[in-house]
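Q: for reference, the sequence and a predicted model appear below.
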Amino acid sequence: MRTAHFIQAGIWFLLSPALAFSTLGIKVINTSPSIIPVKQSRLAPTLKTPAHLAMSTSSPEKPSDCPVERASSKFSKFLSFLDTKILKRVIRIANHGPALLSLSYFFLISMASMMGMGPLTPAADATSAAAKITLSAALTQTVGMTTNSEFAALFPTTITPASFVFLVWPIISVLQLLTVVTSAIYPSDDEFLTQTDLSVLTIANLCSSFWLLASSNAKAGLLPITSFLILPLVPLFSASPLRNKPKYLLPAFQLYSSFTTLASFLALTVELQYGGRLPFVGTLPAEVAGSAFLLLYSAASLAVKDKSITKRLVNFGALSGIVYKRIVGVMAGSLLGGLGSLFSSVTFLGAVGCWGWSAKELFWPSKK
């Protein structure tokens, strides 16, 4: 027995290093990194799942089974449709309301002033003792009997345009109406006229109405100072959108501001020649007052760079009216004596020079 035990112990002693080496070798082979590059098979490329495909796998929201929630969802969709398709349009039209009302008031005042009939009171009915008071009569109650032509005859100057120049007022009203209505019904979500544009147009129309009210109540020897104080506000407000580089072309604002600039300087000339209420100035001779007009108008209108075609037309038309009236006035009297007075008049020569300037810019504009 002892001999067998000794033989078994000897065998284990001899085999233990080999077993230990073989075990270590197995561990090294299994834990060591592979140095053989593994090529990716072209037949089985690695696929990455995109984010939108991963999101698309989410199940859609199921409609609620509750009838109250379904009714609430349908009502919310109806309100969204109502806001975008109907209420937004109604609010847009309402934003244009003040501009349309001021334009209507200005139209009534200008019609009553041009006709020289005072308030637009309807004729009395045969069965009634007095005429009924209408809205137009109430709004034009303070309109006087002096028309624009009569005002020019009461306070003539050497630079007063011919009467046909003032026919631009109906054109201004029509252009304003077309512009405001187009902006109100403009199909795009983009604003044709901003709220600021509408506000300045409303203020300008109100100022023009008050100016017409003041001038219609003028009489011989009675020149309202409000005519001179109010009128310069009109081009100041109406040209505000043009100074801020509007997105769309606004010919109504261009015509309005250009013509009222001329009218403002004309009102100043009348005040200088007849009013005499400016401090340190007093009353000036006709030639001096007319020369002041030509200097101001040349600096503020003719010398402006990058003028629109509308402004160039207004300059040419207004100066043509001034020169035409001076020539017609001479032709009505002594021809030789009248021609001598014309060519000795500083304002006439200056008006002819400004007229030539405006004609050159209109028909032969300088290239940029």
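A: Cool, got the structure.
Q: once you drop chain neighbours, what's closest to Ser102?
A: Ranked by Cβ to Cβ, 6 or more residues apart in numbering and with sequence neighbours excluded, the top spatial neighbour of Ser102 is Asn205, at 3.8 Å. Glycine gets a C-beta too; all of them are placed from N, C-alpha and C.
Q: secondary structure element for the one you found?
A: For Asn205, the enclosing helix or strand under DSSP states H and E is helix 195-216.
Q: can you give me the buried ones in the helix or strand following that helix?
A: Next helix or strand after helix 195-216 toward the C-terminus (DSSP H and E): helix 226-230. Residues 227-228, 230 are the ones in helix 226-230 that count as buried (16 or more other Cβ atoms under 10 Å).
Q: Thr179: which of those residues is nearest?
A: Taking Cβ to Cβ as the measure, Ile230 is the one of the buried residues of helix 226-230 closest to Thr179, at 23.1 Å.
Q: ok so, going back, tally of neighbours for the residue nearest to Ser102?
A: A total of 28 residues lie near Asn205 under the criterion other Cβ atoms under 10 Å.
Q: any idea of the pLDDT on it?
A: Reading off the confidence values, Asn205 has pLDDT 96.
Q: ok, now Ala138?
A: 64.
Q: which residues does stretch 341-357 contact?
A: By Cβ atoms under 8 Å, 6 or more residues apart in numbering, the list of residues contacting stretch 341-357 from outside reads 158-159, 286-287, 290-291, 293-294, 297-298, 302, 316, 319-320, 322-323, 326-327, 330.
Q: try 7 Å this time
A: When contacts are defined by Cβ atoms under 7 Å, 6 or more residues apart in numbering, stretch 341-357 is touched by residues 158-159, 287, 290-291, 294, 298, 302, 319-320, 322-323, 326, 330.
Q: which ChimeraX command selects the buried ones in those?
A: Applying 16+ other Cβ under 10 Å to the contacts of stretch 341-357, the buried members can be selected in ChimeraX as follows:
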select :158,159,287,290,291,294,298,302,319,320,322,323,326,330
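Q: need the contacts of stretch 341-357 in CSV (columns: distance to Gln141 and secondary structure).
A: Below are these laid out as CSV (distance: Cβ to Cβ, whole Å; DSSP: H, G, I helix; E, B strand; the rest coil):
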residue, distance to Gln141, secondary structure
Thr158, 36, coil
Ile159, 33, coil
Glu287, 40, helix
Gly290, 36, helix
Ser291, 40, helix
Leu294, 38, helix
Ser298, 40, helix
Leu302, 40, helix
Leu319, 37, helix
Ser320, 37, helix
Ile322, 35, helix
Val323, 39, helix
Arg326, 38, helix
Val330, 42, helix
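Q: closest one to Glu361 out of the contacts of stretch 341-357, please.
A: Out of the contacts of stretch 341-357, the member with the shortest distance to Glu361 (by Cβ to Cβ) is Leu302, at 7.6 Å.
Q: was I right to think the closest one contacts Val314?
A: No. Checked against Cβ atoms under 7 Å, the pair Leu302 and Val314 is beyond contact range at 10.9 Å.
Q: follow-up on the earlier one: list the contacts for the residue nearest to Ser102?
A: With Cβ under 7 Å, 6+ apart, Asn205 has these contacts: 102-103, 106.
Q: select from the residues you listed the one having the most neighbours.
A: Among these, the one with the most neighbours (other Cβ under 10 Å) is Phe106, at 24 neighbours.
Q: quick one, phi psi at that one?
A: phi -60, psi -40 (degrees, to the nearest 10).
Q: and the gap between it and Leu201?
A: To Leu201, Phe106 is 10 Å away according to Cβ to Cβ, to the nearest Å.
Q: residue boundaries of the helices in the stretch 101-250 of the chain?
A: Counting by DSSP state H, counting those that start in this stretch, residue ranges of the helices within the stretch 101-250 of the chain are 135-139, 148-154, 168-184, 195-216, 226-230, 233-238, 240-243.
Q: give me the number of residues near Ala300?
A: With neighbours defined by other Cβ under 10 Å, the count for Ala300 comes to 14.
Q: how far away is it from Gly350?
A: As for Ala300, its distance to Gly350 is 15 Å (criterion: Cβ to Cβ).
Q: repeat for Asp197
A: Distance of Asp197 to Gly350, given as Cβ to Cβ: 36 Å.
Q: comparing the two, which residue is more hemmed in?
A: Counted by other Cβ under 10 Å, Asp197 and Gly350 do not tie: Asp197 has more neighbours, with 24 against 21.
Q: excluding sequence neighbours, find me the nearest residue to that one.
A: Distances taken as Cβ to Cβ, 6+ apart put Pro241 closest to Asp197, at 4.7 Å, once the chain neighbours are dropped.
Q: pLDDT score for that neighbour?
A: Among the per-residue scores, Pro241 shows a pLDDT of 91.
Q: just to check, it is in contact with Gln195?
A: No. Checked against Cβ under 7 Å, the pair Pro241 and Gln195 is beyond contact range at 11.3 Å.
Q: what's the spacing between Thr158 and Ser298?
A: When Cβ to Cβ is the yardstick, Thr158 and Ser298 sit 15 Å from each other.
Q: name the element Ser366 belongs to?
A: Assigned by DSSP H and E, Ser366 falls outside every helix and strand.
Q: phi, psi for it please.
A: phi -70, psi 140.
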